[in-house]
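1. return a 3D structure for these sequence lines:
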Amino acid sequence: MNPSPSWRSSTTSRRDGVTSPRQRCSPSPLGCRSPSASCTAPSPSTTTSASRSRSAPLTSSCARVPPAACTTSICSRRSWRTPISESHTPAPCAESPVPGVATMLPPIFIGDKVFTHAAPGALDGISPAEMPLPPETGVEECLFENIRDGIESLADYKKKGGYASLEMAATDPEKLIAEIRESGLTGRGGAGFPTGVKWKAVRDESRGPKAIICNADEGEVGCFKDRLLLARNPHGVIEGMICSALVTGAEVGIVYLRWEYPEILHSLQLAIDEARSAGFIGDDVAGSGHAFNLVIRRGAGAYICGEETSLLNSLEGKHPFPMDKPPFPTTHGLFRLPTVINNVETFAAVPPIAARGGEWYRSLGIGENAGTRIFSVSGDVQRPGNYELPVGTPLRTLLEEHAGGARDGHTIKGVTMAGISGGFVGAEDLDVPLDPPSLEALGGMLGAGGIVVYDDSRCMIQAARASMHFLAHESCGKCFPCRIGTTRATEILDEMCSHAAGNGEVRLDPLGEMTDIDEVLAETSACGLGLAAPFVTRMLRKYWPEEVEAHLAGRCPSGACQGNVR
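-> Down below sits the predicted model:
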C-alpha cells in the first residue's frame, strides 16, 4: 500500500462536514475508493520549499468576496461591523465563529485570509494576521522550549535535534511506548485517554492496514493552540506522527485540518514536502524499511468533526454523525481498521519525551499531575495568548501572573473552560488547579484547554446564551436529546435576555424546564457535545443565581442586554 501523496479533491465548505456535489471521487488513503471529506494542499510535484516561499499567502478564488466575522461572545462585543461596512459597502457580512485567532480581536475573514485589529475603513490597507509567538512564562517548557527560535523549516528544526526520536521508534518501539506510558501523557484534545495505552493497543492489532490520524479540527471556541503548533512547529507534529507509525506499524498518516486554517494548509504541506525529501516520509522511513505516507485532508467547517468518530465518518465521505463506542478506533477506526487518533498537541509532545524520557516529562507537572499543557487564554485579559504551564497550575496564576489579569479598572467575573463546553468557573473558584479531576469536582471539565475570560462589565446570561447558541447550531442532529435540548435551552436564554431588555416575556418556570433539559442531555446524548451542554447552564445557575433572577424579573444588572440582544 503506497497511496499517492498528490491525492486530492475539489471541495466546497459546508457546515455539515460533507463535501459538495462537485467533489471528485478519488482513491482513499487506505486504497479504497470513497469520496473524500476534504482536500489537500497542492501536491509535492507542484509545491516545494524551493519553489514557493514559506510565508507566501494563498490566493483567494474570488478577488472580492463578502467578509465574515467571528460572532462568539467576546468577539461580538468588539467593533467589527464598522470596518467591514466602510470597506465592503454594501456587501453583507457572514458569521464565522471560532477562527482560532482569539488573541487578536476582532478577527475577520476575507476570502482565505484572516485580518485582525482592523480599524474603521482600514481593511483594504492591512496585511493578513500571523500567529504570534507564545509569551514566555519563566517555567520549564516541553512544547514551547524551542518554538521562539524559529524552527519552521526542516534545517532549523534539525539543528534542535529534530527527527532524532525516529531511531528509537524504529529500533525499539516497545521502549518508546514504555517511555510514553511512564510520562503520563494523555490526549490533549479533551478526552484525556493515555497515549501509550492507545498506541500499544493499535500495535497489538494483527489486522491492517493501519492509520495514524492527527485531529487538527480545532473548532472549540477560545482554543487556538493547535494553530500555533502547526504554524510554528510543524515538524514536531509530523515527527510525532511518524513515531506513532513506526511503533504501531501504520503505513498511512492523515492530518485532518480545519477548513478555517488555510494558511496552515500551505505551511504544513511545505513541511511535509521537506520531510519527504529528507527520507522521513515515503517507502523507507529514515532507512527503517518501513513505509509511511502522510497527507492532509481538510474539514468542511463542522464543529462536530472534532469528535473522533465523526471525523472518521467525514474522512470516509459519510455524513459526520458520531458512532457508538465500543468498538473504539484502536480496533475499528478508519474504514473499520486499527487507527490511532491523537490531537496536535499530543503528537508534538512525543519527540521531547523520546529525547529526555518519560520520567522527565512527568516531573514537569505539579503534585500527582504529569507534564505540561498549553492553555489558550482570550477575552477580557491584558495579555491573551497561548501559555504552556505545568498541569495543576492554579487558574488564578495563569490569569493574573501570566495573562496580566483583567483590563484596567475591571475585575474577573468568570471564565469558561474547555473553550465553552466545559462550563463556567466563577471568581470565587479561581484558585482551582488546572487539572481534569479538580475541574470535574467543580462540575465542569478542562477539555482542550481553552479559557475565555469575562470581566465585571459582562452579562453572564449573554455569555451562556452565546455558548448555547453555538452548541445548538453545531449539533449534528443525530440524537434528538441534543438536537432539541440545546435548541430549547437556547430559547430560554434568548427569552431571559430579551425580557431584561424590555422585549417580551419569559415562559412559565424556565429554570425548572432548564433543569429537566440538563438532566436529559447529560443522561442520553450520543456524544460529547450534548453531554457538555449542561455544564453551561448548570454552572451559570451555580455562580450567578442573582443575575439569573434579575433577568427573570426583567432587569440586566450589567446593562449589557439593553440594545445588545441579537
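
2. state the helix or strand in which the closest residue in space to Arg507 that isn't next to it in sequence lies.
-> Using C-beta to C-beta, 6 or more residues apart in numbering and skipping residues adjacent in sequence, the residue nearest Arg507 is Glu495, 6.3 Å away. Glycine gets a C-beta too; all of them are placed from N, C-alpha and C. Assigned by DSSP states H and E, Glu495 falls within helix 480-500.

3. next: Leu471.
-> Short version: Leu471 belongs to helix 460-474, going by DSSP H and E.

4. just checking, what packs against that helix?
-> With contacts taken as 3 or more C-beta pairs under 8 Å, 6 or more residues apart in numbering; DSSP states H and E, helix 460-474 sits against strand 412-416, strand 424-426, helix 480-500, helix 528-543, helix 545-552.

5. could you list the low-pLDDT ranges of the stretch 201-350 of the chain?
-> Low-confidence segments of the stretch 201-350 of the chain, defined by pLDDT under 70: none present.

6. and whichever strand in the chain runs longest, what other elements does it pack with?
-> With residue count as the measure and DSSP state E as the assignment, the chain has strand 372-379 as its longest strand. With contacts defined as 3+ C-beta pairs under 8 Å, 6+ apart, strand 372-379 has these neighbours: helix 225-232, strand 385-390, strand 450-455.

7. which stretch among the ones you listed comes nearest Arg298?
-> Closest of those to Arg298 is helix 225-232, at 12.8 Å (criterion: C-beta to C-beta).

8. in the stretch 451-566 of the chain, where is pLDDT below threshold?
-> Judged by pLDDT under 70, the stretch 451-566 of the chain has its weakly predicted residues at 563-566.

9. thinking again about what came up before, hey, C-alpha coordinates of the helix holding Leu471 in CSV?
-> Presented in CSV, the C-alpha positions along helix 460-474 are these (Å, rounded to 0.1, in the frame of the first residue of the first chain):
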residue,chain,number,x,y,z
MET,A,460,-23.1,36.2,32.1
ILE,A,461,-26.6,35.3,30.8
GLN,A,462,-25.5,36.7,27.5
ALA,A,463,-22.3,34.7,27.8
ALA,A,464,-24.2,31.5,28.4
ARG,A,465,-26.6,32.4,25.7
ALA,A,466,-23.8,32.8,23.1
SER,A,467,-22.3,29.5,24.2
MET,A,468,-25.6,27.7,23.9
HIS,A,469,-26.3,29.3,20.5
PHE,A,470,-23.0,27.9,19.3
LEU,A,471,-23.7,24.4,20.6
ALA,A,472,-27.2,24.3,19.2
HIS,A,473,-26.0,25.5,15.8
GLU,A,474,-23.3,22.8,15.7
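
10. give me the buried positions along that helix.
-> Within helix 460-474, the residues that qualify as buried are 460-472, 474, counting by 16 or more other C-beta atoms under 10 Å.

11. nearest to Gly317, of the residues you listed?
-> Taking C-beta to C-beta as the measure, Gly317 lies nearest Glu474 of the buried residues of helix 460-474, at 20.4 Å.

12. who touches that closest one in this structure?
-> By C-beta atoms under 8 Å, 6 or more residues apart in numbering, the contact set of Glu474 is 219, 302-304, 529.

13. what distance do you get for the residue nearest the centre of the chain to Thr137?
-> In the chain, the centroid-proximal residue (C-alpha atoms, centre = their mean) is Glu218; its distance is 2.2 Å. When distances are taken as C-beta to C-beta, to the nearest Å, Glu218 and Thr137 turn out to be 21 Å apart.

14. and what of Gly450?
-> 17 Å.

15. the more surrounded of those two?
-> Set side by side, Gly450 and Thr137 show unequal neighbour counts under other C-beta atoms under 10 Å, the larger going to Gly450 at 30 against 18.

16. wait, the more buried one sits on Glu218?
-> No. Under the criterion of C-beta atoms under 8 Å, Gly450 is not in contact with Glu218, lying 9.1 Å apart.

17. what touches both of these two?
-> Contacts common to Gly450 and Glu218, judged by C-beta under 8 Å, 6+ apart, are 224-225.

18. need the distance between the two termini of stretch 538-556.
-> End-to-end distance of stretch 538-556 (C-alpha to C-alpha, to the nearest Å): 19 Å.

19. right, I mislabeled it, should have said stretch 399-417
-> With C-alpha to C-alpha as the measure, the first residue of stretch 399-417 is 13 Å from its last.

20. ok, stretch 177-196 next?
-> The straight-line separation of the ends of stretch 177-196 (C-alpha to C-alpha) is 5 Å.

21. what are the buried residues along it?
-> 177, 179-190, 193, 195-196.

22. hmm, who's touching that stretch?
-> Residues outside stretch 177-196 that contact it (C-beta under 8 Å, 6+ apart): 197-200, 203, 215, 220, 247, 306, 308, 342-346, 349-350, 353-354, 357-359, 361-362, 365, 369-371, 373-374, 418, 436, 445-449, 528.

23. just stretch 400-409 next, same as before
-> When contacts are taken as C-beta under 8 Å, 6+ apart, the neighbours of stretch 400-409 outside the stretch itself are 135, 137, 377, 380-385, 387, 389, 399, 412, 453, 455-456.

24. go with 7 Å
-> If you take C-beta atoms under 7 Å, 6 or more residues apart in numbering as the criterion, stretch 400-409 is touched by 135, 137, 377, 380-384, 387, 399, 412, 455.

25. by neighbours, which of those residues wins?
-> Top of the contacts of stretch 400-409 by neighbour number is Tyr387, holding 29 neighbours under the definition other C-beta under 10 Å.

26. give me the distance between that one and Gly184.
-> Between Tyr387 and Gly184 the computed distance is 20 Å (C-beta to C-beta).

27. returning to that earlier point: what about the residue nearest to Arg507, how many residues nearby?
-> Other residues near Glu495 come to 19 when the count uses other C-beta under 10 Å.

28. before we move on, what about Glu174?
-> Residue crowding around Glu174 was assessed by other C-beta under 10 Å; the count is 10.

29. next structured bit after the strand or helix carrying it?
-> Under the criterion of DSSP H and E, Glu174 resides in helix 173-183. The first helix or strand that comes after helix 173-183 along the chain, using DSSP H and E, is helix 195-203.

30. got a pLDDT number for Met1?
-> Model confidence at Met1, expressed as pLDDT, equals 40.

31. and if you look at Arg396?
-> Reported pLDDT at Arg396 in the predicted model: 98.

32. change the start of the numbering to 575 and stick with it
-> New numbering, starting at 575: the last item is Arg970.

33. the closest residue to it other than its chain neighbours and Pro1119, how far apart?
-> Using C-beta to C-beta, 6+ apart and skipping the chain neighbours, the partner closest in space to Arg970 is Leu1004 (4.2 Å). Using C-beta to C-beta, one obtains 19 Å as the distance from Leu1004 to Pro1119.

34. the two: which is more packed in?
-> Of the pair Leu1004 and Pro1119, Leu1004 is the one with more neighbours under other C-beta under 10 Å, namely 17 against 11.

35. so what's Cys1053 up against?
-> When the contact criterion is C-beta under 7 Å, 6+ apart, the partners of Cys1053 are 1099-1100, 1104.

36. and of these, the nearest to Asn720?
-> For the contacts of Cys1053, the nearest to Asn720 is Gly1104 (39.9 Å; C-beta to C-beta).

37. contacts only, for the residue nearest to that closest one when sequence neighbours are not counted.
-> Nearest in space to Gly1104, with sequence neighbours left out and distances taken as C-beta to C-beta, 6+ apart, is Cys1056 at 3.2 Å. With contacts taken as C-beta under 7 Å, 6+ apart, Cys1056 has the following neighbours: 1049, 1095, 1099-1100, 1103-1104.
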